[in-house]
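Novice: Give me a 3D structure for the following:
(2 chains)
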Amino acid sequence: MKKIYESAEAALVGVLQDGMLIAAGGFGLCGIPELLLEGIKQAGTKELTFASNNAGVDDFGIGILLQTRQVKKMISSYVGENAEFMRQYLSGELELEFNPQGTLAERMRAGGCGIPGFYTKTGVGTVIADGKESKMFNGQEYILEEGIFADLSIVKAWKADDTGNLIFRKTARNFNPPAAMCGKICIAEVEEIVPRGALDPDMIHLPGIYVHRIVQGDHEKRIEQRTVRERA
Amino acid sequence: MWDRNQMAARAADELQDGWYVNLGIGIPTLVANYVGDKDITLQSENGMLGMGPFPFEGDEDPDLINAGKQTITELSRTAYFDSATSFGMIRGGKIAAAILGAMEVAENGDLANWMIPGKLVKGMGGAMDLVAGVGRVVVVMDHTNKYGDSKVLKACTLPLTGRGVVDRIITNLGVLDVVKGGLHIVECAEGVTENELRAATEATIV
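Specialist: Below you'll find the predicted structure:
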């Protein structure tokens, strides 16, 4: 089966539906599927729920879909960098479900592994535990969190081979593997597609079984906080 | 009274040779400057062990950032991993200590550092996972807020980040441990008397 598509727009044909749940990789603006987000903007799909650690900034990342009012709900751990997000949230136009960062990552991983729920200590005694089942293990309290089963996953990797095996680069890996795992269909955008055999099988970060469509493109890779030190 | 750098230096004394440690944003970030010869590996919860200093100008890499989204560098010991693995090591108790900032700490070890109701809410990020999972939680913060009110309380007024999670509090006035029945004074900052420390503390001191 051919997995390579000519563009992000082409890779999204036939998979988008109003009201769907999309899991997106990335941390801040690092390792985000920027081309696929632009493709979803062009497609005009509406009422979307995103499971994504962050919501981008006003003009980059998921932020571009907030501008066009295509997002109904965010499931995130931190949304502090986006003024339009705050405006829509405070006016009641946008729903927000805060998840602790590790709980969000594990919910994605669990969904991808066929695990509908798991118990965690994270959030016990806080508002995160409200309405959740709790259980004692070895004298300690844990709360039940549910796996995320997304309709679509969109991720960014560094390199792919034509079978969809992925390699990520440095901290741009972040949420991409768990996000990729939890979707019924996963589309990966990469900086370079290489022929099978060109990647060392021992160095694959995410096996191609999780990846259904691949697109190669040029990435802006914007830096959110440029910090440097003086040369001695 | 200690300044930010002296508080960071005092917090660095908490770290033991060989530890894997997570440092929060703000004063906790400065702790990295004071670890001296100790072999400390810094974790960044977005997926890295062995976090290095900021890059030289021109060497910034958009694929290499810390949990504060700042550009950083790698070291010879560095390892990268995904977010689920990162919080697996946090939740699993593999990280020896986290040094974090706080808005309020209570005498029972409750910590509030993620939201103020009615104000802009940004999210808890990884703070709830860290305080629930790491071996030891050390809070570094100013002892009082800008109105002079104690941030070391009998009970937190803000929504909690974690319940009964704090082990030690380091402020500009001194060091306190969370023990049975309240807080125990470990030491006073330079030029601060025990009476001054008690007067600035709402929490029960035992």
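Novice: what stretches of chain A score poorly on pLDDT?
Specialist: Counting by pLDDT under 70, chain A shows low-confidence ranges at A:1.
Novice: in chain B, which helix or strand is least confident?
Specialist: Within chain B, no helix or strand scores below helix B:27-30, which has a mean of 92 by mean pLDDT, DSSP states H and E.
Novice: Pull the residues that contact that one.
Specialist: If you take CB atoms under 8 Å, 6 or more residues apart in numbering or on different chains as the criterion, helix B:27-30 is touched by B:Arg4, B:Asn5, B:Met7, B:Ala8, B:Ala11, B:Leu23, B:Gly68, B:Ile99, B:Leu100, B:Gly101, B:Val140, B:Met141. Where C-beta positions appear, they are placed from N, C-alpha and C, glycine not excepted.
Novice: what mean pLDDT would you report for the helix or strand that comes right after that helix?
Specialist: Going down the chain from helix B:27-30, the next helix or strand is strand B:41-44, by DSSP states H and E. The average pLDDT for strand B:41-44 rounds to 98.
Novice: Can you get me the start-to-end distance on stretch B:40-48?
Specialist: End-to-end span of stretch B:40-48 (CA to CA, to the nearest Å): 14 Å.
Novice: can you tell me which of the contacts of helix B:27-30 are up against chain A?
Specialist: Among the contacts of helix B:27-30, the ones lying close to chain A by the criterion of CB under 8 Å from any CB of the partner chain are B:Gly68.
Novice: need the strands for the chain, in chain order.
Specialist: Because you didn't say which chain, this covers chain A. Using DSSP state E, the strands of chain A run over A:4-5, A:21-24, A:48-51, A:71-76, A:95-98, A:117-120, A:134-137, A:140-146, A:150-161, A:166-167, A:183-194, A:213-216.
Novice: Actually, chain B is the one I wanted.
Specialist: Counting by DSSP E, the strands of chain B are B:20-23, B:41-44, B:48-51, B:74-80, B:97-100, B:104-106, B:111-112, B:136-140, B:152-153, B:168-170, B:174-179, B:182-188.
Novice: In a markdown table: those strands, plus mean neighbour count.
Specialist: Formatted as a markdown table, those follow (neighbours: other CB atoms under 10 Å in any protein chain shown):
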| stretch | mean neighbour count |
| --- | --- |
| strand B:20-23 | 25 |
| strand B:41-44 | 22 |
| strand B:48-51 | 21 |
| strand B:74-80 | 14 |
| strand B:97-100 | 26 |
| strand B:104-106 | 25 |
| strand B:111-112 | 24 |
| strand B:136-140 | 24 |
| strand B:152-153 | 22 |
| strand B:168-170 | 26 |
| strand B:174-179 | 20 |
| strand B:182-188 | 16 |
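Novice: Nearest to B:Val179, out of the strands of chain A?
Specialist: Nearest to B:Val179 among those is strand A:140-146; the distance by CB to CB comes to 19.9 Å.
Novice: low pLDDT regions in chain B?
Specialist: Using pLDDT under 70, chain B has no residue that qualifies.
Novice: who's sitting farthest from the centroid in it?
Specialist: For chain B, the largest distance from the centre (CA atoms, centre = their mean) belongs to B:Gly58, which lies 30.5 Å off.
Novice: Mind checking if the lengthiest helix in chain A is in reach of chain B?
Specialist: Longest helix in chain A, counting residues (DSSP state H): helix A:101-112. Yes - under the criterion of CB under 8 Å from any CB, chain B is reached by helix A:101-112 at A:Gln101, A:Gly102, A:Thr103, A:Leu104, A:Ala105, A:Glu106, A:Met108, A:Arg109.
Novice: In contact with the residue lying closest to B:Ala127 once chain neighbours are set aside: list those residues for me.
Specialist: Of all residues not flanking B:Ala127 in the chain, B:Thr161 sits nearest, at 5.1 Å (CB to CB, 6 or more residues apart in numbering or on different chains). Shown in contact with B:Thr161 (CB under 8 Å, 6+ apart): A:Thr126, B:Leu111, B:Ala112, B:Asn113, B:Trp114, B:Met124, B:Ala127, B:Met128, B:Val131.
Novice: what about the closest residue to the fifth one other than its chain neighbours, distance to A:Gln216?
Specialist: It refers to B:Trp114. Once flanking residues are discounted, B:Trp114 sits nearest to B:Met124: 4.2 Å by CB to CB, 6+ apart. To A:Gln216, B:Met124 is 36 Å away according to CB to CB, to the nearest Å.
Novice: again with A:Ile115
Specialist: 33 Å.
Novice: which of the two has more neighbours?
Specialist: Shown here are A:Ile115 and A:Gln216; by other CB atoms under 10 Å in any protein chain shown, A:Gln216 has more neighbours (19 against 13).
Novice: I'd say the more buried one and A:Asp162 touch.
Specialist: No - using CB atoms under 8 Å as the test, A:Gln216 is too far from A:Asp162 to be in contact (10.5 Å).
Novice: which residues are common contacts for the two?
Specialist: Common neighbours of A:Gln216 and A:Asp162 (CB under 8 Å, 6+ apart) are A:Ile4, A:Ile193.
Novice: now the most centrally placed residue in chain B, nearest residue through space, not along the chain?
Specialist: Most central in chain B under CA atoms, centre = their mean is B:Leu100, positioned 1.6 Å from the mean C-alpha point. With sequence-adjacent residues excluded and distances taken as CB to CB, 6+ apart, B:Leu100 is closest to B:Gly24, at 3.9 Å.
Novice: That neighbour contacts B:Ala98, doesn't it?
Specialist: Yes - counting by CB under 8 Å, B:Gly24 touches B:Ala98, with 7.0 Å between them.
Novice: Quickly list what's touching both of these two.
Specialist: By CB under 8 Å, 6+ apart, B:Gly24 and B:Ala98 have these common neighbours: B:Leu130.
Novice: burial of A:Glu84, as a residue count?
Specialist: Neighbour count for A:Glu84, taken as other CB under 10 Å: 17.
Novice: re the thing from before, specify the stretch among the strands of chain B that is closest to A:Gly14.
Specialist: strand B:74-80 (33.8 Å).
Novice: Tell me the gap between the closest one and the middle of its chain.
Specialist: A distance of 22 Å separates the centroid of the chain from that of strand B:74-80, by CA atoms, centre = their mean, to the nearest Å.
Novice: All set now, cheers.
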